[in-house]
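Engineer: I would like the atomic coordinates for the input below:
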Amino acid sequence: MSKTRREFAKSLALAGAVAPLVVADAAAQPAAQPAPQPSALGDALTNVIIAAYGQHLTPQERERIARDMQEYAPGIESFRKFRLTNADEPDFTFHALTERW
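Structural biologist: Residues are numbered from 1 along each chain as shown. Okay, the predicted model is just below:
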């Protein structure tokens, strides 16, 4: 069955009008994600901070630090996995400004 150009254009317009509704409906129902497992690195970093500054922190600040360290732990792990060799150098060389005679 062949469609005329007008019928084809109408079907495209209808599809274009319905697509945002389908996407908006899918966004309204987020998929259930399992809670991430606590990281040993995140726990260790939290313990270091609390050992050093715990006497100055409120319980809310301690909780915030623990959440932040758990959030940062995967990024820190990815940095640890990136290996450098002796040939790796910075792309610039720092020279302090000195007065020359």
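Engineer: which residues touch S39?
Structural biologist: By CB atoms under 8 Å, 6 or more residues apart in numbering, S39 lies in contact with 70, 73-74, 77. C-beta here means a position set from N, CA and C on the backbone, and glycine is covered the same way.
Engineer: now those residues: which count as buried?
Structural biologist: The neighbour-count test (16 or more other CB atoms under 10 Å) marks 70, 73 as buried among those.
Engineer: got TSV for the contacts of S39, with pLDDT too?
Structural biologist: Output for the contacts of S39, formatted as TSV (pLDDT from 0 to 100):
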residue	pLDDT
Q70	93
A73	92
P74	91
E77	90
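Engineer: taking the contacts of S39 one by one, which sit in helices?
Structural biologist: 70, 73-74, 77 (DSSP state H).
Engineer: still on that earlier bit, now flag whichever of the contacts of S39 is closest to R5.
Structural biologist: P74 (52.6 Å; CB to CB).
Engineer: Using the three-state scheme, assign the closest residue to S11 other than its chain neighbours.
Structural biologist: The shortest distance from S11 to any non-neighbouring residue, by CB to CB, 6 or more residues apart in numbering, is to K3 (7.4 Å). Local secondary structure at K3 is given as coil here, using DSSP: H, G, I helix; E, B strand; the rest coil.
Engineer: just checking, K3 touches A9?
Structural biologist: No: if you go by CB atoms under 8 Å, K3 and A9 don't touch, sitting 9.4 Å apart.
Engineer: chain center to stretch 74-84: distance?
Structural biologist: In terms of CA atoms, centre = their mean, to the nearest Å, the centre of stretch 74-84 is found 14 Å from the chain centre.
Engineer: got it, and stretch 40-47?
Structural biologist: On CA atoms, centre = their mean, the centre of stretch 40-47 falls 19 Å from that of its chain.
Engineer: Likewise for stretch 67-76?
Structural biologist: 10 Å.
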